[in-house]
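Colleague: how would this look folded up:
(chains A and B)
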Amino acid sequence: MKRMMIIFLIATLLPFNFLMAAEKLTTKELAVSINLAGKQRMLTQKMTKEALLVKAGIDKKENLEKLKKSRALFDKTIKGLIHGDASLKLKPCVNKQVQKELHEVLKYWQKFDKEIAKVIDGSATKKTYENIQKQNLVLLEKMHKTVVDYVSQTKQSSSKRAQAINLAGKERMLTQRMAKDLLLISQKIAPKQNAKDLVRTSKEFETILHGLQKGDAKLGLEGTKLPAIKKQLKKADKLYKKIKPQFKKALRDPNVMKETISKLDELLAVMNKAVKKYEKSIQREKQAMQLSSLVNNFMQKKNKENHLINLAGKQRMLTQMMTKEALLVSLNIDPKKHRKLLEKSRKLYAKTLHAFAQGDASLDIAPVPNAEVIAYIKEVQKIWQPFSKSIEKIAKQTKGTKKALSYVVTNNEKLLQKSDRLVQLFKKNSEKKSFMEKARLNIVDIAGRQRMLTQKMTKEKLLILAKVAPKKNTKKLHESVTQFDTALKVLQNGNASLKIPKPSNQEVTAQLMKVSALWQKLQPFYLKEKLGKKDLEVIIKGNPVLLKEMNKAVHLSEVVADY
Amino acid sequence: MGKSKRNLLLKSVMLLGIAVSVAGAREVNIIEGLPYVDVDVNGENIRIERIQDVKHKLKNSYTKTSRPTPPFNIQPFTPIEGIKTVTELDVIYFIIDKLSENEGMLIDARMPKWYQKGTIPGALNVPFSIFAGGEKNPYVDQIFTIFGAELEEDGWHFDDAQTLLVFDNGPWCQQGVTAMKHLIKLGYPKEKILYYRGGMQFWEILGLTVMKPKVQG
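Modeller: From the prediction side, this is the model:
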């Protein structure tokens, strides 16, 4: 689980492009290159073993054919790794360091190949076999270094699973190295040195096999948890335990030698299957990581659209909230508190409007790239500037407060309309296409508008109390109350023509019920013609609570999975 | 499922070496003789099996019978001509046969919020809306490459592309069908798409293992 968490973090933190562009080759192409480069290590040992089998006259014809095939495959692969080879699905290596190493391998290969050619054309001498014995390990070492650097280029090197695949691949080579060592000893080519190598090789094979199964901190292995791979490794273990006791007998009896070499080939095939299973598992993990990173990136973009519409919606509410607070200040109702709130709302509106155009990290908004929206933001700013100055005057109680209040009362609805148009523009430019995505936007918009109405109704009530155009504002108040009431019912019951589904999520329905209960209590006070002091207190205290609960409903409609 | 087909499934399970116990100690099996299937999920082994408590009942949103239409229209058995609709056993067979061999991908086409609540082990989340917007969509090339398709000069080649088994919440959900429609429009071959109509609701009703993914952001 810990590793899955790490994968989650990597997937979340690494941008997708980084994962895709770690190398110019695609993940799939790189996997092919690594696999074939890994196989080359095994081929160096296989060729040596086959040359020695030819020398020993064991299935000479058959081994000569095998040697020709191994030689041709090594040659084709090394050139393919450097220049690309469509038949092997190899793309040329683009990493400079690895490319340099591949050329180095090619140089050593050409030297080694000359000796192999002599075995094939029958001109090999004692010297030829001595050269093969010396050079095969150098070629192996060079090829191994290249594989390690190939793997490190893929950012796999830190993963224990990548280490497992690397070492499982090495086991293939070790099977052939053991066979080669046995043949070298039996043919008395540096017997002491090769006997030591056989002990070392078999020990290494055992250690790695154990580590792959049970884990080995020194080797950086954690032991596989996958039954399919466990089964394959168990098979290899069982087979190896049958082969190892035959080593001594093989050196004395050519028939046992033949059988042991054949069993080691069988072990190679078993390990090869294990490697393939590892490769497939890692490939799937990579797919999962890449898709996860991609989806994460996509969702962040989508959430930003929702966030933008929510903030734009909030601006509508702020226009009404500012007007309401200005009226409360002018009516001398808790003026200190409302002056503070007024200034806070003004600053928030200004900051958000600026953020729409220029971006703002603290609000998690990127600058809007759409020309139509940018032009419109400038229009809103034109109306906002004098409005803001008036609000500031009221909040700070500087000269001209009365005139400022009159300006706010006259122009707040113009600013509201402009702010609302901005919400609609954001909605229009949203990439959301499906029914539910569009429905969600409509819900966020309507629920968001309710927040504004809570403020608008209170503002209108205060205007009536202040005897500012009472007839006109009473009419407006009734309209606002009806709008709030209707929209709340739409949110609760759904409306097919507005493409709003009825919520089935328990959290959403419970929250809307809560809003509805609050509204039932407050509504009569808004509609009451003659308002007492206590009645006004109910509105002033209840209004922020209604706003807060409506805000929760907007948030829920944004985040729940099952609306 | 007929006896011969079931035998074929069991034989395939054995041949593919997937760890499946044939012991009949369990009361609730996937089918007789197949108590569970192991899935490799990012190197972790997750076992797909059925809840053993025969009195167990669902308590989550999949117990709900009615949802408003639109958008929750009941999907036809074959919503898209040419795309095969499959059952739970086919999904399990797909996991054994295709997923473990990297020849197929189990695609949860729901939005991430749904996916994170629980999905079929081994499924990857590719939300249906990520394909919207046609060829201009910046995500399509990257997703198709992950699916194994290759972009040549003359367009996308799907010879090595994996088979996608797409699912969503169930027969009342439109997310999987929308994803498949997008895929086809973008050129993904119909024969490389399968539709599990039962979706998460049927999967859960049968008490099959659901996992909460840790990979998805």
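Colleague: CA atoms for contacts and neighbours, from now on please.
Modeller: Will do.
Colleague: which helices and strands sit right next to the helix or strand in which A:K196 is found?
Modeller: Under the criterion of DSSP states H and E, A:K196 resides in helix A:191-214. Here helix A:191-214 is seen to pack against helix A:160-186, helix A:227-243 when contacts are counted using 3 or more CA pairs under 8 Å, 6 or more residues apart in numbering or on different chains; DSSP states H and E.
Colleague: List the contacts of residue 117.
Modeller: Let's take chain A. For A:A117, no contacting residues are found, by CA atoms under 8 Å, 6 or more residues apart in numbering or on different chains.
Colleague: Hmm, no, I was thinking of chain B.
Modeller: B:K212.
Colleague: What spatial separation is found between it and B:L164?
Modeller: The gap separating B:K117 from B:L164 is 22 Å, by CA to CA, to the nearest Å.
Colleague: picking that back up, would you format the helices and strands packed on helix A:191-214 as CSV with mean pLDDT, distance to B:H157 and mean neighbour count included?
Modeller: Below are the helices and strands packed on helix A:191-214 laid out as CSV (pLDDT from 0 to 100; distance: least, CA to CA, whole Å; neighbours: other CA atoms under 10 Å in any protein chain shown):
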stretch, mean pLDDT, distance to B:H157, mean neighbour count
helix A:160-186, 91, 29, 24
helix A:227-243, 96, 31, 17
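Colleague: Of those helices, which is nearest chain B?
Modeller: Closest of the helices and strands packed on helix A:191-214 to chain B is helix A:227-243, at 5.8 Å (criterion: CA to the nearest CA).
Colleague: Output the contacting helices and strands for that closest one.
Modeller: Secondary elements touching helix A:227-243 (3+ CA pairs under 8 Å, 6+ apart): helix A:191-214, helix A:254-330.
Colleague: Could you export it as PDB, CA atoms only?
Modeller: Output of helix A:227-243 as PDB, limited to C-alpha atoms (Å, rounded to 0.1, in the frame of the first residue of the first chain):
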ATOM      1  CA  PRO A 227       1.200 -15.300  -7.700                       C
ATOM      2  CA  ALA A 228       1.900 -15.700 -11.400                       C
ATOM      3  CA  ILE A 229       5.500 -14.500 -11.000                       C
ATOM      4  CA  LYS A 230       5.900 -16.400  -7.800                       C
ATOM      5  CA  LYS A 231       4.900 -19.600  -9.500                       C
ATOM      6  CA  GLN A 232       7.300 -19.000 -12.400                       C
ATOM      7  CA  LEU A 233      10.200 -18.300 -10.000                       C
ATOM      8  CA  LYS A 234       9.400 -21.500  -8.000                       C
ATOM      9  CA  LYS A 235       9.500 -23.400 -11.200                       C
ATOM     10  CA  ALA A 236      13.000 -22.000 -11.900                       C
ATOM     11  CA  ASP A 237      14.100 -22.800  -8.300                       C
ATOM     12  CA  LYS A 238      12.900 -26.400  -8.600                       C
ATOM     13  CA  LEU A 239      14.700 -26.800 -11.900                       C
ATOM     14  CA  TYR A 240      18.000 -25.200 -10.700                       C
ATOM     15  CA  LYS A 241      18.000 -27.500  -7.600                       C
ATOM     16  CA  LYS A 242      17.900 -30.500 -10.000                       C
ATOM     17  CA  ILE A 243      20.700 -29.100 -12.200                       C
END
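Colleague: counting contacts, what elements does the helix or strand just after that helix pack onto?
Modeller: Using DSSP H and E, the helix or strand that follows helix A:227-243 in sequence is helix A:247-252. If you count contacts as 3+ CA pairs under 8 Å, 6+ apart, helix A:247-252 packs onto helix A:160-186, helix A:254-330.
Colleague: what sits against residue 170?
Modeller: Using chain A here. Counting by CA under 8 Å, 6+ apart, the residues that A:K170 touches are A:38, A:41-42.
Colleague: look at chain B instead
Modeller: B:197-202.
Colleague: Repeat that for A:V554.
Modeller: Counting by CA under 8 Å, 6+ apart, A:V554 makes contact with A:443-444, A:447-448.
Colleague: Closest one to chain B out of these, please.
Modeller: A:I443 (14.5 Å).
Colleague: Quick check: which of the helices and strands packed on helix A:227-243 is buried the most?
Modeller: helix A:254-330 (a mean of 21; mean count of other CA atoms under 10 Å in any protein chain shown).
Colleague: Any stretches of the stretch 451-563 of chain A with poor pLDDT?
Modeller: A:559-563 (pLDDT under 70).
Colleague: Okay, the spatially closest residue to A:R177 that is not a sequence neighbour and A:G494: tell me how far apart.
Modeller: Excluding the flanking residues, the one nearest A:R177 by CA to CA, 6 or more residues apart in numbering or on different chains is A:Q45, at 5.3 Å. Shown here: A:Q45 relative to A:G494, a distance of 73 Å by CA to CA.
Colleague: Same check on B:R26?
Modeller: 46 Å.
Colleague: Just want to know which of the two has more residues nearby.
Modeller: A:G494 (18 against 13; other CA atoms under 10 Å in any protein chain shown).
Colleague: mind listing what's buried in stretch A:114-129?
Modeller: For stretch A:114-129, burial by neighbour count (16 or more other CA atoms under 10 Å in any protein chain shown) applies to A:115-117, A:119-120, A:124, A:128-129.
Colleague: between the residues you listed, which is closest to A:G359?
Modeller: A:I116 (67.8 Å; CA to CA).
Colleague: Quick check: which element contains that closest one?
Modeller: helix A:96-121.
Colleague: what's downstream of that helix, the next helix or strand?
Modeller: The helix or strand immediately downstream of helix A:96-121 is helix A:126-153, counting by DSSP H and E.
Colleague: circling back: angle of the helix holding A:I116 against helix A:126-153?
Modeller: 150 degrees (axes from the mean of the first three to the mean of the last three CA atoms, to 10 degrees).
Colleague: starting at the chain centroid, how far to helix A:96-121?
Modeller: 41 Å (CA atoms, centre = their mean, to the nearest Å).
Colleague: got it, and stretch A:540-549?
Modeller: 40 Å.
Colleague: again, but for stretch A:306-321
Modeller: 31 Å.
Colleague: Kindly report the same for stretch A:186-193.
Modeller: For stretch A:186-193 - counting by CA atoms, centre = their mean - the centre lies 55 Å from the chain centre.
Colleague: what do you get for stretch A:57-74?
Modeller: That offset, for stretch A:57-74, works out to 48 Å (CA atoms, centre = their mean).
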